[in-house]
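I'll drop the sequence and a predicted model, then ask my questions.
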Amino acid sequence: MNSFSRIRCRRSAGRRFAGVSLSIVLAAGLAACDDFIATEPLGQLTTENFFETEQHAIQATNATYSMLRDWAVHVFAWVGMTDIASDDATKGSVPADAAFLLDLDNLLFDPGNIAFSTTWGGYYQGVYRANFALQNIPNVTMDETLKARLIAENKFLRAYFYFFLVRAYGGVPLLTAPLPAGEFEQPRATAEEVYALIEQDLTDAIAALPERSEYSATDVGRASRGAARALLARVHLTQGEFPEALARAQEVINSGQYSLFSDYDDLFSRAGENSSESVFEVQTVALEQEGAGSQYAQVQGVRGTPNIGWGFNTASAELEAAFENGDPRLHATIMYPWEMIPDGTGRVVYLNPSMPNNRYNQKVFISPETPGGSGNGGVNIRRIRYADVLLMAAEAAARQGMSGEAQSYLNQVRARARAGRTVTLGFAHEALAGSIASDVLGLGPTDGRVFARYVKEGTPAFDAGLRSFTAACSEGACGSADVPPVRVTNAHIIQQLDGIPVNSIDSFQDVLSTKAPGSTVAVQVLEVAQNESGNVSTETFTANITVQALLPDVTVGGDDLVEAIWQERRVELAMEQHRWFDIIRQGRAAELLAAHGKTFQPGRHELFPIPSGEVEIAGLQQNPGY
């Protein structure tokens, strides 16, 4: 995003705008940015003379994009409303921290919950910036092709902002231009009217935006024709308009602009940013002077050692169990205590005993050495991936009885997830950190380094005697550098497969790849445990485990196929802030959340409440049940 101006905006109290407190408003409403506005107008840019050059039009558009990194748009409250409220995650952090998120987690929220006023204000700020640009860019004397593109980018972004608002709150005030003084209080439009604007904006954007490949390297991350088509597919899918959703998704698929990134593990690393799979992602960069990062990763990062974040939005046990046996995506999605962090240093995540749930979102991993600290995170926020487009196409096709096409799209996603493998022993395996293997357990180099991280009860591996890795803090040692912090209560380390030594993930996979589904493999296991005094005991046993096909192609049709696609969406897109709106549009929220221990009230919880301030000040009608 080298061409995206880093606009530093001073926040002010602002005016009331459709009941929204606009901290970006100054005078006639232009964002109060010290790049181009000062209180003394002489010789400087003001709201009256700002939109005069091509560069001004670019800066205004970049100001709309900058809202995507904002705290109120894609950080704390938003994560709570999209993941924590669902069955995929728990609040995280320590029990007393951020009670408003706990209310979201327990579905006990009311209109006074700050999550709603935060996102309402943030998304309307985004709408306002898009509207301001759309009102003024047409009058700028500049290259007409660039002008058309900038207008289309702002329409895409306005549609994006409104799409969240209408799914979260239903019909909302529909603003298509900055409001003059005295008209800041606006009534709610219907949801149908909001969707009509979204669809029109995206249709206009599709007509004018370039394909992704037509952008220069300095414009990476800007909205493309493919992004507009994909978002429109999601809009149609949300409304149950399956033929239209399939058509738009297929336009993306058939464009030749995108492909699945080969390695799901690396997809969420720096190497995976703006990759072949990226349809639209929010651009961030951790500059030394700050200002271009986001706190998106910080709020979800490891709380404790290493000190990366605040520990919110932790994966639920139900999400963990949703992954099929041996699915490699489990390891790429959840970061566990005593797992090596993915920065190549060999450092491990310490258990935080103050947190009830230590299953962190690995997809937002950020290095502890980030310039400016974790609050200046440079993790791009993936909003539309090509895998998502394939699954939207699969669902839209399946809902029309087109089983063959639906299976094809679905199985492409599953094939990538296999990462070239065909079989599994059914458990999540992982490389044991050297600091645990050698320093804590005293294991030698021939004792093996592959261990069973997660074993589902009832799988062949579990029935053969394998158990999940369990550990605790050594007495008084969590967070201490003086003594080994971990006491391993159970570790099953794989030493041999059918008599062939394995001491790395690669050697484990090499041997396993020679086996066929249904065959039995003799797995030599070194069982290691520590008592409370730190004394290590070991025992060797052989587990005979049946080899299983890894993520086999789906061949069912009808309702079973739709269920399989929904299941795939859950694990493929886990912890990427899609789950709440997915289960709402699928009509399954009450059933799924009850299984998660939450009481979802039909007729009430399909929408979040309108923030209490908007009801009281702007006179907006409240949603049912609140």
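Great, that's in hand.

what's downstream of the longest helix seen in the chain, the next helix or strand?
If you go by DSSP state H, the chain has its longest helix at helix 144-169. Of the helices and strands lying after helix 144-169 in sequence (DSSP states H and E), the nearest is helix 191-208.

okay, buried residues for that following helix please.
Going by neighbour count (16 or more other CB atoms under 10 Å), the buried part of helix 191-208 is 191, 194-195, 197-199, 201-202, 204-206, 208. C-beta coordinates here come from the backbone N, C-alpha and C atoms, glycine included.

format those as TSV; extra columns: distance to Leu175 and pLDDT.
Putting the buried residues of helix 191-208 into TSV (distance: CB to CB, whole Å; pLDDT from 0 to 100) gives the following:
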residue	distance to Leu175	pLDDT
Ala191	15	98
Val194	11	98
Tyr195	15	98
Leu197	10	98
Ile198	13	99
Glu199	17	98
Asp201	13	98
Leu202	17	98
Asp204	17	98
Ala205	18	98
Ile206	22	98
Ala208	22	98
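
just the closest of the residues you listed to Leu592, please.
Ala191 (23.1 Å; CB to CB).

in contact with the closest one, which residues?
Residues near Ala191 by CB atoms under 8 Å, 6 or more residues apart in numbering: 166, 170-171.

which of those tops the neighbour count?
Val166 (24 neighbours; other CB atoms under 10 Å).

hang on, that residue packs against Val172?
Yes: Val166 lies in contact with Val172 (CB atoms under 8 Å); the separation is 6.4 Å.

which neighbours do the two share?
Joint contacts of Val166 and Val172 (CB under 8 Å, 6+ apart) are Val194.

torsion angles phi and psi at Pro138?
With angles defined as degrees, to the nearest 10, Pro138 sits at phi -60, psi -20.

residues of stretch 288-297 that come out buried?
For stretch 288-297, by 16+ other CB under 10 Å, it's 292-297.

pLDDT and distance to Trp580 for the residues you listed - can I get that in TSV?
Shown next, in TSV, are these (pLDDT from 0 to 100; distance: CB to CB, whole Å):
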residue	pLDDT	distance to Trp580
Ala292	88	28
Gly293	91	25
Ser294	94	20
Gln295	96	20
Tyr296	97	17
Ala297	96	20
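
and of these, the nearest to Ser117?
Gln295 (18.0 Å).

for that closest one, what are its contacts?
Gln295 sits next to 71, 75-76, 374-375, 377 when contact means CB under 8 Å, 6+ apart.

all strands of the stretch 301-450 of the chain, in order?
Using DSSP state E, counting those that start in this stretch, the strands of the stretch 301-450 of the chain run over residues 312-315, 334-335, 360-361, 381-385, 423-424, 428-431, 450-454.

what is the last one packed up against?
Contacts defined by 3 or more CB pairs under 8 Å, 6 or more residues apart in numbering; DSSP states H and E place strand 450-454 against strand 428-431, strand 486-497.

and stretch 612-622, how far out from the chain's middle?
Centroid displacement of stretch 612-622 relative to its chain, using CA atoms, centre = their mean, to the nearest Å, is 31 Å.

what about the stretch 1-150 of the chain, any weak spots by pLDDT?
Within the stretch 1-150 of the chain, the stretches with pLDDT under 70 are 1-47.

what do you get if the cut-off is 90, keeping everything else the same?
1-50 (pLDDT under 90).

so Ala472 belongs to a helix, correct?
No: remark: Ala472 does not belong to a helix; assigned using DSSP: H, G, I helix; E, B strand; the rest coil, it is strand.

who's the closest spatial neighbour of Thr314, skipping the chain neighbours?
Nearest residue to Thr314 in three dimensions, chain neighbours excluded: Gly92, at 3.7 Å (CB to CB, 6 or more residues apart in numbering).

what residues are up against the one you found?
84, 300, 303, 311-314, 355, 357.

out of these, what pair is the most spread apart?
Ile84 and Arg303 (15.1 Å).

quick one: which of the two has more around it?
Higher neighbour count among Ile84 and Arg303: Ile84, with 28 against 24, using other CB under 10 Å.

ok so, going back, highest mean neighbour count out of the strands of the stretch 301-450 of the chain?
strand 360-361 (a mean of 30; mean count of other CB atoms under 10 Å).

listing partners with orientation, what would you give for it?
Partner strands and pairing direction for strand 360-361 (DSSP bridges) are strand 334-335 (antiparallel).

Thr538 is in what secondary structure piece?
strand 536-546.

what's the next secondary structure element after that strand?
Next in sequence after strand 536-546, counting helices and strands by DSSP H and E, comes strand 548-549.

run the chain-centre distance for that next one.
29 Å.

same check on stretch 531-539?
On CA atoms, centre = their mean, the centre of stretch 531-539 falls 40 Å from the chain's centre.

ok, now stretch 99-112?
21 Å.

show residues contacting that stretch.
Outside stretch 99-112, the residues that touch it by CB under 8 Å, 6+ apart are 76-77, 80-81, 84-85, 89-91, 95, 113-116, 312, 593, 598-601, 605, 608-612, 615, 622, 626.

what does stretch 467-476 give?
Against stretch 467-476 from outside (CB under 8 Å, 6+ apart): 337-338, 350-351, 353, 430, 451-455, 483-492, 532, 534.

what about that stretch, average pLDDT?
In this model, stretch 467-476 has a mean pLDDT of 90.

pull out the buried positions in that stretch.
Under 16+ other CB under 10 Å, the buried positions of stretch 467-476 are 467-469, 471-474.

Throw the residues you listed into CSV and include distance to Glu183, thanks.
Shown next, in CSV, are the buried residues of stretch 467-476 (distance: CB to CB, whole Å):
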residue, distance to Glu183
Arg467, 65
Ser468, 60
Phe469, 61
Ala471, 61
Ala472, 61
Cys473, 59
Ser474, 64
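
is the nearest residue to Met67 once chain neighbours are set aside in a helix, a strand, or coil?
Of all residues beyond its chain neighbours, the one nearest Met67 is Gly126 (4.0 Å), with distances taken as CB to CB, 6+ apart. For Gly126, the assignment made with three-state DSSP gives helix.

show me what contacts Gly126?
So Gly126 contacts 64, 67-68, 70, 73, 157-158, 160-161 (CB under 8 Å, 6+ apart).
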